[in-house]
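> I'd like to go over a predicted model; first the sequence, then the structure.
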Amino acid sequence: MIELTPRQSEVLEAIKVHIEKVGFPPTLVELAGLIGCSSQNAAAEHVKALKKKGYITTASGVARGISLTEAKPKLMPIGLNDQVKIKLFEPGIEHLKRHYQDLNIPYEEPKLDVDGYATMTLWNVMSTFGEVLYNGAPHAFELAIDLEAK
């Protein structure tokens, strides 16, 4: 999306806050009051700019026709050797213990961070837990990707 001017950011924020407070978008007259404009034409120009930049859509002929555009998540390539975080649940812990036993090595509790996640490569997660991941199976773990670390 195209970057907003500071004033356009204020207008967009006013629309978001109004929607959060009352559950529906403002009319142009209401928006003009929210952003301190004396006319709805000034508010309409801001709405036009926000629409052009892709932050909102509007329905013509509808008083409350402003809709926020959902920000599309950016693609984040992740490789099999990238680190991911998993929070093991009881079925996952039991499977991990059996996995260690099958490999004939002593079981070691995974080292957990302050949020209760262990760090593993994606490949290790897939190869270790792949057989217990099927439709209807109890959840073995919660997966998280640390976007700040990428």
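Happy to help now that I have it.
> what comes into contact with the longest strand anywhere in the chain?
Secondary structure assigned by DSSP state E gives strand 83-88 as the longest strand of the chain. Contact with strand 83-88 is made by 78, 92, 96, 110, 113, 115-122, 125, 140-146, 149, as judged by CB atoms under 8 Å, 6 or more residues apart in numbering. For every residue, glycine as well, the C-beta is placed using N, CA and C.
> that one pairs with which strands, parallel or anti?
Paired neighbours of strand 83-88 in the sheet (DSSP bridges): strand 118-121 (antiparallel), strand 141-144 (antiparallel).
> that one - what's its average pLDDT?
Strand 83-88 carries an average pLDDT of 92.
> chain center to it: distance?
Put simply, strand 83-88 sits 18 Å off its chain's centre (CA atoms, centre = their mean, to the nearest Å).
> show me which residues of that strand are buried.
84-88 (16 or more other CB atoms under 10 Å).
> strand 83-88 and the helix or strand just after that strand, what's the angle between them?
Downstream of strand 83-88, the first helix or strand assigned by DSSP states H and E is helix 90-102. Between helix 90-102 and strand 83-88, the angle comes out at 110 degrees (axes from the mean of the first three to the mean of the last three CA atoms, to 10 degrees).
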